[in-house]
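Peer 1: predicted coordinates and the sequence they were generated for:
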Amino acid sequence: MLWVDKYRPRSLDKVIVHEEIAQNLKKLVTEQDCPHLLFYGPSGSGKKTLIMALLKQIYGASAEKVKVENRAWKVDAGSRTIDLELTTLSSTNHVELTPSDAGFQDRYIVQEIIKEMAKNRPIDTKGKKGYKVLVLNEVDKLSREAQHSLRRTMEKYSSSCRLILCCNSSSKVTEAIKSRCLNVRINAPSHDEIVKVLEFVAKKETLQLPHGFAARIAEKSNRSLRRAILSLETCRVQNYPFTDNQVISPMDWEEYVAEISTDMLREQSPKSLFQVRGKVYELLVNCIPPEVILKKLLHELLKKLDSELKLEVCHWAAYYEHRMRLGQKAIFHIEAFVAKFMSIYKNFLISTFG
Amino acid sequence: MEFDIPLPEELELLEANSYYPEEEDDDYLNFEEPPYPYPIDGDEEKEEEREANLRRSESPDINGCKRPRSIVSDPIVNLDEGSSPAAEKRSKIDDNNRVEMEDEEWLRPPPIKKVVHVMEEEEEVIIPQETILSRYASEIDGECFPITAPDGGDRVYAKFNRALGDEEVKKLDVKAKSNGLIKDPISVLLEQSEKEAFNKVLQASSEDQNESITAETSVMHERLWVDKYSPSSFTELLSDEQTNREVLLWLKQWDASVFGSEIRSTTDEVLSALKRHSTPSHRQKSDSAFTRKKQFSRWSKDSSSFPKNSDASDSNATDNHDLRNKKSKLIGPPEQKILLLCGPPGLGKTTLAHVAAKHCGYRVVEINASDERSAAAIETRILDVVQMNSVTADSRPKCLVIDEIDGALGDGKGAVDVILKMVLAEKKHATGKENIDNGKTSSKKERRTAPLSRPVICICNDLYVPALRPLRQIAKVHVFVQPTVSRVVNRLKYICNMEGMKTRSFGLSALADYTECDIRSCLNTLQFLNKKNETLNVIDIGSQVVGRKDMSKSLFDIWKEIFNKRKMKRERSNDASGSEAKKFDFLHSLVSSRGDYDLIFDGIHENVLQLQYHDPAMDKTVSCLDCLGTSDLLHRYIMRTQQMHLYAYLPSLVIPIHRRVAQIQRPTIQWPKSYHRCRTLLVEKQESLRSWHHKIPPYIGRHLSIKSFVEDSVSPLLHILSPPTLRPVASHLLSEKQKDQLASLVMLMHSYSLTYKNVKLDPAMSNLREGAASDASALALDPHLFDFISFKGRQYKHHVLTLAMKQVLAHEVEKQKILQASGGRSGILSKPPEIKKINPDLVRKTIAASKESHKNPVISKPPSVSVENATTSKPKPSDVKKASRTALSFFDRFRKSRKDYEDPEDVQKRATAKRDSRPLLFKFNEGFTNAVKRPVRMREFLL
């Protein structure tokens, strides 16, 4: 098992990073008044871990015994029936699902399936917990219609069911849903916190971890706990007695983006733009989200730019990212940004050096 | 005209065979060189005779009850043949009605005439005698013959050279009446030459009709010009001569099977004549010297055909005769039973099919897109065409024309299937019973799938529609090409003259050019203009609303238009600023009539960077890509909100792009593949990730999201999976630390359900390392995670495990899987190192056990049995043997015999010694055995 999974805190008490939040959650649960919850924060900050720990706190060990179910649903939508396939993870008391998997048909999942699940009150309520929990992942990817249909469900069945929503960005969740939930913001852990976690892992693994090295890993990790622990393990595998200036192997795709940025700075012409296009396609094919590519590309460019250009380039990056989110074909917009950058840079070069 | 050419040749022929009683040629002679004054009223008598014939034709029952189908037209046919040269001169006398009739009759199948010849000759024989008679012998050059009238005693001289013919004709007469099948060489010759003449006259007559029709139609003003001037005869067709002729030839090849086999020889003549016409037709025109040669050869052929027919065994070397022989052998329909005509609209495909079928004597049955075209409906219609004979007067055989077969894909496919079925059934049958008389087979076959015994002509616009693929292989395909502009213009001019519309040929050619020689749209435009009393203005053609064909060009053409700037246009733009607006309109309409904007923009995106435009500061590129981005936004918005009317704004985005990047030199345009390739690859990879994700046990998998996996997990994971410190050595040689490392790695791989699998190397890869191991398959991670970190033009820096190491890992993971499946996951899962320890323990124990059992002679027995034996009686091996021998079970015999084989002590010892050296060893021989199987427990092998 990877260290990431091995040393994941299983209960709210053992949480290291977001200790305060964990304590608050624990208090919430023990007072038997758990509202709907909305967890949001960047990936790798520990949302899922917290949710699992919370579930364990509510239901005890039975929450960890989950089984995967792949069910096909037939939804009757007026004139036609829609076949949906949905994978759920469920224990006796909770169900976890990702409604945005259904794409543009997510509305039916919310309207029919979630409603049906919420309706059924758990029968063996011999314990004190008279409700079950639905965990919905990636709520921000839900369409607007689905979110609208969700809010009524939240109200109507609140006596028998609690929803725990999990997403990266709360800006895409409608206000209506946000106001019905207790919003829990999970920050990306700070460098110090990451170092703390790394040291904890190292102690468990009985490793000697120099503090400087841990700090370096934390710095490189982009404030993602998962990434930090994974790179620690990588370094362990590659070269055990850690040295302070050991190489921390970077992500392959990030290196590739760096290559692209040097290409862009080297030559500004339609021809080089064409080469950049090929590389961007490669990145997209390998499942790197286009927003991440654009962000990383900007990051790489900013390292090498004159300060007077930075503001303008950032502005255009934001502009094209906005258009990219409105549009469909990410490649058009990434390329447009690249072209824009090339144009700006070329003009700058001409004006500076004549 | 066509018939002018063979005329002198006919004369030559006549001169060569002067005994040859060719009445038609005789007429020519009379007509052209009238050496003898007509003593009596030659012309008038003829006229009378014709009228008599006419009358006869109106009451067809007079001469033939044997062949009611064909006999109706016969008299007139004869008459025409005899009189048409003269009729040409007298066409004004003839009323329209008559000519029309005449013409109609001409379209009748030619073979009919053979039988009728005889009667014809009777009349014709008389006519020449009348004309050649003279009172004075001096007026007749050549030999003459005095005749004395029986009543008056008047004496006249008759020309002599007719006598022989006379005799022959009388003989013929008798024969014909007796059986109707003529084998005489002379009669065959007669027919042959007559046939030749027939073809000439046929065309001449169609000319007549043409004129008459135009005269007739000028009276009526309400009809569409397209219908009014649609070619009604073969020579009028505007399409390519070659194609026309080949279509006609193909139709003629059906004659034998459609009109019956007794007329074989005649059709052969026609076929050969047509063949002559169709293949070298263009050459014939080219130079006169060649023509003469050609004529000569034809003449020699004709003369040589005489001996050939006189004795059948003689075979001729000329290709013409080869063809004839082949045809006479193969009486059935042509090899390719379906004719497929294809070409752009408005070139006259349908017209050609109709005219040709009519010409060959068929009644056209048309099925077009407006009819029901399901398979069942088509089948009944074809059966109807093939089998039924209509009761009405029009009893010609039918010819099926399926128009727009490519039109409706779903329905058209049904039709294609039915036709295919019929053709294939025919073929199968033909190969099965080749020797059976063809006439009968068709009737027999109708029990099963009906064969195709009538010509079927299919018409389509696009030859490469998927539905037509099977048809393409079996049909005779003719592709229509655009007629030359001059041809179209000539025709248009002729029609305009007919309609009294004033045009200039320059304008007409511009119009033809504009419509891409689509004569239908040309005519419609002209008629429209005529109605409005406007004249065709060359400059206005573009802007005139009329005549504008709403054509959708291919995508490549559109991209070419976008990327290409025309030099001419630019020059004009200096003159008038209006041309810019025109270009704007043009592009806009081009793109919007095509639709498919998504693909158009993809294509622009794909190709725009390959253009050679001058762009030092990348401004043009930026604005192009901005336009593309806007199109994407708009597209997405339309799709999301379903406001389709907003699509109207998409085409205009093309124009700024055109203004920025259009160049004069021709761009090389590629189909936009990369975006779709990217998308499919992405989906593929996501799918593989997802299926892998499902395999991971949920307590790990739930924390792993597919979306961010590549972003932040895959690289470190791969590093962890391939530690550089691991050495591929036997496990007992590893240090304790390394063992731990290996064990944890195996656990990791297992818990993430990763393993190494055999994969076939890419051909390129195997070429690279050909020397090392070309045919050895490599082990790769399953799922193939290395795909996610490999980018084009960049080598990943991950340490790759050796093949041996991978094998070890794959093996260990497999073992782990089995262990976990059998032993339940709880205990083992948390303590992987224990298993390692347990294993050696187990082995040690087994070794000890085997050593123990070594002392026991009954080694081959499973330990449990031996224990049992030990407790009960401990029998000697011989006892066991006996016991087994006494057992009557069928299977025991096998067991016993095998034991016999193993029994010898030395073998046993060797085996045990060998086994003791290694803790566990078993060998599995793959293969096939027909021995009886019985279940054996693993532990029986272990000890």
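Peer 2: Structure received.
Peer 1: where does B:D615 land in three-state SS?
Peer 2: coil (DSSP: H, G, I helix; E, B strand; the rest coil).
Peer 1: surely it touches A:L273?
Peer 2: No. B:D615 lies out of contact with A:L273 (C-beta atoms under 8 Å); the separation is 10.1 Å. (Each C-beta comes from the backbone N, C-alpha and C, glycine too.)
Peer 1: these two: which is more packed in?
Peer 2: Using other C-beta atoms under 10 Å in any protein chain shown, the more surrounded residue of B:D615 and A:L273 is A:L273, with 23 against 20.
Peer 1: now do the contacts for that one.
Peer 2: A:E335, A:V338, A:A339, A:M342, B:L609, B:M618, B:T621 (C-beta atoms under 8 Å, 6 or more residues apart in numbering or on different chains).
Peer 1: pretty sure the fifth one is in contact with A:F274, am I right?
Peer 2: This means B:L609. Yes. Using C-beta under 8 Å, B:L609 is in contact with A:F274, at 4.2 Å.
Peer 1: what about the nearest residue to B:L492 once chain neighbours are set aside, neighbour count?
Peer 2: In space, and not counting its chain neighbours, B:L492 is closest to B:L508: 4.8 Å by C-beta to C-beta, 6 or more residues apart in numbering or on different chains. As a burial measure, B:L508 scores 23 neighbours (other C-beta under 10 Å).
Peer 1: that older thread, now render the contacts of A:L273 as CSV, adding neighbour count.
Peer 2: What follows is those, written out as CSV (neighbours: other C-beta atoms under 10 Å in any protein chain shown):
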residue, neighbour count
A:E335, 25
A:V338, 28
A:A339, 28
A:M342, 23
B:L609, 22
B:M618, 24
B:T621, 27
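Peer 1: gap between the top helix by length along chain A and the chain center?
Peer 2: Longest helix in chain A, counting residues (DSSP state H): helix A:330-353. Centroid separation for helix A:330-353 versus its chain: 30 Å, with C-alpha atoms, centre = their mean, to the nearest Å.
Peer 1: that one - what's its average pLDDT?
Peer 2: The average pLDDT within helix A:330-353 is 91.
Peer 1: pull out the buried residues from it.
Peer 2: A:330-347 (16 or more other C-beta atoms under 10 Å in any protein chain shown).
Peer 1: out of those residues, who's near chain B?
Peer 2: The subset of those within reach of chain B, by C-beta under 8 Å from any C-beta of the partner chain, is A:I331, A:F332, A:H333, A:E335, A:A336, A:A339, A:K340, A:M342, A:S343, A:K346, A:N347.
Peer 1: circling back to that earlier point, export the contacts of A:L273 as JSON lines, with columns for distance to A:A228.
Peer 2: Formatted as JSON lines, these follow (distance: C-beta to C-beta, whole Å):
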{"residue": "A:E335", "distance to A:A228": "33"}
{"residue": "A:V338", "distance to A:A228": "31"}
{"residue": "A:A339", "distance to A:A228": "36"}
{"residue": "A:M342", "distance to A:A228": "35"}
{"residue": "B:L609", "distance to A:A228": "40"}
{"residue": "B:M618", "distance to A:A228": "39"}
{"residue": "B:T621", "distance to A:A228": "40"}
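Peer 1: nearest to A:A258 among these?
Peer 2: When the contacts of A:L273 are ranked by distance to A:A258 (C-beta to C-beta), A:V338 comes first, at 14.4 Å.
Peer 1: quick check: the closest one touching A:M264?
Peer 2: Yes. Assessed by C-beta under 8 Å, A:V338 is found in contact with A:M264 at 6.2 Å.
Peer 1: output the below-cut-off pLDDT ranges for the stretch 51-200 of chain A.
Peer 2: A:121-130 (pLDDT under 70).
Peer 1: got a list of what the residue of it found nearest chain B touches?
Peer 2: The stretch 51-200 of chain A approaches chain B most closely through A:V66 (4.7 Å), counting by C-beta to the nearest C-beta. Counting by C-beta under 8 Å, 6+ apart, A:V66 touches A:L89, A:S90, A:S91, A:E96, B:P698, B:Y699, B:R702.
Peer 1: just to be sure, the first one is in a helix?
Peer 2: Okay, so that is A:L89. No. Per three-state DSSP, A:L89 lies outside any helix segment and is strand.
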